[in-house]
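[1] Compute the structure for the input listed below.
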Amino acid sequence: MVAKIFDENYQQYCDQIATIDFSGIKDRLGIELDGDTLLIPFNGRDYHVSKKGIFDASGSRPDYGVCVILAKYVLLCPDKTYTDKRWVSFRDFKRASHFTNTNFFSSDTEQAIVKTFSGKKDNLFQAGKALGGVDHELSASYDLALEFAALPRISLLLLFNDKEDSFPAHCSVLFQKHSEFYLDPESLAMTSASLAKRLKDGLKERRKTG
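    Got it, this is the predicted structure:
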């Protein structure tokens, strides 16, 4: 039943995307257009969005969460390019109160990273670098500070202090203020949760190969 609902929602997104003039949004989103296909990098992987659907680099449909984020990214393209690179918390977004109250963002992003990487800051650093994370100037104030280009126009800043003595590990993930013009709060929370999952998966891969 759930799979059927996902398929129906996916098709609805695809039908809406089919009405979009890609040439009119590509520059505002900062993405490339190859023929009739938008090329969108998302959390270290490349995806193709066209009137035929949403696919990864191998031609397969990605998981439903990724499809939702990419579809919303295309459908919610603003009427102009916004640039406000101030770092803000998820709670600072005006429309984020619902997701703050349900703790979706905190549990699936910040707490998920703490749970996986507490006592393993070097592993987090390696996993972050493998995803294209770039050292941020705030690294002088934290054990680890990495900036990630989650989507074109949307970057995330991961701040992490590992556990020490009686102090538990702590993680904060910040967004650039203008992100709220490109995605709705739910999709932004899903975007950061996807980053947390990719970091966790990266740790598992290193353990397999190491």
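[2] mind checking the SS state of residue 58?
    Assigned by DSSP: H, G, I helix; E, B strand; the rest coil, the conformation of residue 58 is coil.
[3] What's the separation between it and residue 4?
    24 Å (Cβ to Cβ, to the nearest Å). Every residue, glycine included, has its C-beta placed from N, CA and C.
[4] Provide the contact partners of stretch 160-168 at residue level.
    Applying Cβ atoms under 8 Å, 6 or more residues apart in numbering, the external contacts of stretch 160-168 come out as 113-114, 117-121, 124, 142-145, 169-172.
[5] Which single one of those is nearest to residue 43?
    When those are compared for distance to residue 43 (Cβ to Cβ), residue 113 comes out closest, at 13.7 Å.
[6] Where does the residue nearest to that closest one when sequence neighbours are not counted fall, secondary structure wise?
    Of all residues not flanking residue 113 in the chain, residue 171 sits nearest, at 4.5 Å (Cβ to Cβ, 6 or more residues apart in numbering). Using DSSP states H and E, residue 171 sits in strand 170-176.
[7] now do residue 73
    helix 64-75.
[8] same question, residue 115
    Here residue 115, judged by DSSP H and E, is contained in helix 111-117.
[9] And residue 156, by the same measure?
    Take DSSP H and E as the rule and residue 156 turns out to sit in strand 154-161.
[10] For that strand, which strands pair with it and how are they oriented?
    Paired with strand 154-161 in the same sheet, following DSSP bridges, are strand 144-151 (antiparallel), strand 170-176 (antiparallel).
[11] any chance of these in TSV, with mean pLDDT too?
    Output for the strands paired with strand 154-161, formatted as TSV (pLDDT from 0 to 100):
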stretch	mean pLDDT
strand 144-151	97
strand 170-176	97
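[12] Let's have those strands in a markdown table, adding mean neighbour count and distance to residue 184.
    Converted to a markdown table, these look like this (neighbours: other Cβ atoms under 10 Å; distance: least, Cβ to Cβ, whole Å):
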| stretch | mean neighbour count | distance to residue 184 |
| --- | --- | --- |
| strand 144-151 | 22 | 13 |
| strand 170-176 | 21 | 13 |
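[13] So for residue 83, which of the ones you listed sits nearest?
    strand 170-176 (8.8 Å).
[14] for the closest one, the distance to its chain's centre please.
    12 Å (Cα atoms, centre = their mean, to the nearest Å).
[15] Show the subsequent helix or strand relative to that strand.
    Next helix or strand after strand 170-176 toward the C-terminus (DSSP H and E): helix 185-209.
[16] Now that next one: buried residues?
    185-200, 202-203 (16 or more other Cβ atoms under 10 Å).
[17] No more questions from me, cheers.
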